[in-house]
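Novice: Quick one: sequence plus predicted model below, questions after.
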Amino acid sequence: MMEGIHVDSKGIENVRKLSMNRRTKIIFLPIYKSFADPLVMNFINYIYEFDMGFSFGNYEDSPHIRFVDTLLKRLGHFLIKRKEQNNFTINYVN
């Protein structure tokens, strides 16, 4: 599915220090928006022993493969449908 993940170790340690204070909420914002982002983020959270969170994505941008949809759902990924007037594909084509 993916080849190699490069993680900024110093950045992860900074996040770990912030996470020590339970009153501090941490929000991860992926740089690239794709259906693989939640998989990568959950993998990093698991490897570095962070609490698992949840994420939101666009239904239209998901590959609609049963295995991937099931995996994303189990990882706490919510797919949200765009309204017709907010569909970037239609607006771009028009």
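Specialist: Perfect, thanks for sending it.

Novice: ok, which stretches of the chain are helices?
Specialist: With DSSP state H as the criterion, the chain has helices at 9-19, 37-47, 66-74, 88-93.

Novice: helices and strands around the second one, which ones?
Specialist: With contacts defined as 3 or more C-beta pairs under 8 Å, 6 or more residues apart in numbering; DSSP states H and E, helix 37-47 has these neighbours: strand 55-58, helix 66-74. Glycine gets a C-beta too; all of them are placed from N, C-alpha and C.

Novice: Just want the angle from it to helix 9-19.
Specialist: Angle, helix 37-47 to helix 9-19, by axes from the mean of the first three to the mean of the last three C-alpha atoms, to 10 degrees: 80 degrees.

Novice: What mean pLDDT does helix 37-47 get?
Specialist: Per-region confidence: helix 37-47 scores 81 on mean pLDDT.

Novice: got the helices and strands packed on helix 37-47 as CSV, with mean pLDDT, mean neighbour count and distance to V15 columns?
Specialist: As requested, the helices and strands packed on helix 37-47 are exported to CSV (pLDDT from 0 to 100; neighbours: other C-beta atoms under 10 Å; distance: least, C-beta to C-beta, whole Å):
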stretch, mean pLDDT, mean neighbour count, distance to V15
strand 55-58, 76, 15, 16
helix 66-74, 83, 13, 23
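
Novice: what would these look like in CSV with distance to I5?
Specialist: CSV is the format used below for the helices and strands packed on helix 37-47 (distance: least, C-beta to C-beta, whole Å):
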stretch, distance to I5
strand 55-58, 17
helix 66-74, 17
